[in-house]
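Enquirer: Below is the sequence, then the predicted model.
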Amino acid sequence: MSDPHLTIVDHPLVQHKLTIMRDKETPTAVFRQLLREISQLLAYEVTRNLAMTTKQIDTPMQVMDAPTLDGKKLALISILRAGNGLLDGVLELIPSARVGFVGLYRDEETLQPVQYYFKVPDAMEDRLVIAVDPMLATGNSSVAAIDLLKEAGATNIRFLCLLAAPEGVARMKEAHPDVPIVTASLDERLNELGYIMPGLGDAGDRMFGTK
């Protein structure tokens, strides 16, 4: 898309796996595995344009100046609890990343986020920070999480989600226009309960088999 604030990853493998995840008959174990697989595919996009440098290495053939990542190791921040489903897959791709957690739950009456945990790596101002949460619905929890990360010193933040609603994208853009969003789908709308439509239900419940 042309919007620099929002990138929709329309790769056929991503869209195929997402369709299976949307199906209400898909069992928990399959849902969880597909989320891990999609997270790795999305990670390729959200880590595009990482800072690079070179270092001298010896190949079996000769010495060369080879590209390598520059700067401090990036920070992956899971917005609990459902963020852990994306976190696991991204960590497999970037095992050296530092990991943090923001504990938020949504008050079902007010739809506002309530914080219960916050622990992030040091030197946040020197790291690329990728916040992960499968659902960008109202945007209230995501905005609150980014607020906390900025208070902790983060200045270079990207947001990775599986599904987004137009309302959530607009809320994030208004509050944090400097934080690009990468997602597999921009769905139609929110319903009266604040859930994404057509969506896939509650990502945390479907990941962990809870109701």
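Expert: Okay, I see it. Numbering: from 1, shown residues only.

Enquirer: give me the low-pLDDT residue ranges for the chain?
Expert: Counting by pLDDT under 70, the chain contains low-confidence ranges at 1-2, 111, 211.

Enquirer: Which residue ranges of it form helices?
Expert: Per DSSP state H, the chain has helices spanning 12-22, 28-46, 83-93, 140-151, 166-175, 203-208. These are given in chain order.

Enquirer: Need the contact partners of the longest one.
Expert: Taking contacts as CB atoms under 8 Å, 6 or more residues apart in numbering, the residues outside helix 28-46 that touch it are 7, 9, 11, 13-14, 17-18, 20-21, 26, 85-90, 92-94, 130, 132, 134, 158, 160, 162, 182-184, 203, 206-209. C-beta coordinates here come from the backbone N, C-alpha and C atoms, glycine included.

Enquirer: for the third one, same thing?
Expert: Judged by CB under 8 Å, 6+ apart, the contacts made with helix 83-93 from elsewhere in the structure are 32, 35-40, 42-44, 76-78, 97, 99, 101-102, 130-134, 160-162, 203, 207.

Enquirer: now these: which count as buried?
Expert: Taking 16 or more other CB atoms under 10 Å as the criterion, what is buried in these is 32, 35-40, 42-43, 76-78, 97, 101-102, 130-134, 160-162, 203, 207.

Enquirer: Just read off the phi/psi values of Ala152.
Expert: Backbone dihedrals for Ala152, given as degrees, to the nearest 10, come out at phi -80, psi 0.

Enquirer: quick one: it and Ala123 touch, right?
Expert: No: the pair Ala152 / Ala123 is not scored as a contact, 10.1 Å apart, by CB atoms under 8 Å.

Enquirer: Have a look at those two and say which one is more surrounded.
Expert: Per other CB atoms under 10 Å, whichever of Ala152 and Ala123 has more neighbours is Ala152, with 19 against 12.

Enquirer: List the contacts of that one.
Expert: Taking CB under 8 Å, 6+ apart as the definition, contacts of Ala152 comprise 118, 120, 124.

Enquirer: for those, which one is nearest Thr54?
Expert: Distance to Thr54, by CB to CB, is smallest for Met124 among the contacts of Ala152, at 26.2 Å.

Enquirer: quick one: the closest one and Asn156 touch, right?
Expert: No: here Met124 lies out of contact with Asn156, judged by CB under 8 Å, at a distance of 9.3 Å.

Enquirer: who's more crowded, the two?
Expert: Between Met124 and Asn156, Met124 has the larger neighbour count (other CB under 10 Å), namely 22 against 17.

Enquirer: residue contacts, the more buried one?
Expert: Each residue near Met124 by CB under 8 Å, 6+ apart is listed here: 75, 149, 152-154.

Enquirer: can you check Thr68 too?
Expert: Thr68 makes contact with 52-55, according to CB under 8 Å, 6+ apart.

Enquirer: do the same with Arg127
Expert: The neighbourhood of Arg127, defined by CB under 8 Å, 6+ apart, consists of 71-75, 98, 121, 154, 156.

Enquirer: Distance to Thr110 added to these, as a markdown table?
Expert: Formatted as a markdown table, the entries for the contacts of Arg127 read as follows, by distance: CB to CB, whole Å:
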| residue | distance to Thr110 |
| --- | --- |
| Gly71 | 40 |
| Lys72 | 37 |
| Lys73 | 37 |
| Leu74 | 33 |
| Ala75 | 30 |
| Arg98 | 33 |
| Pro121 | 31 |
| Ala154 | 27 |
| Asn156 | 31 |
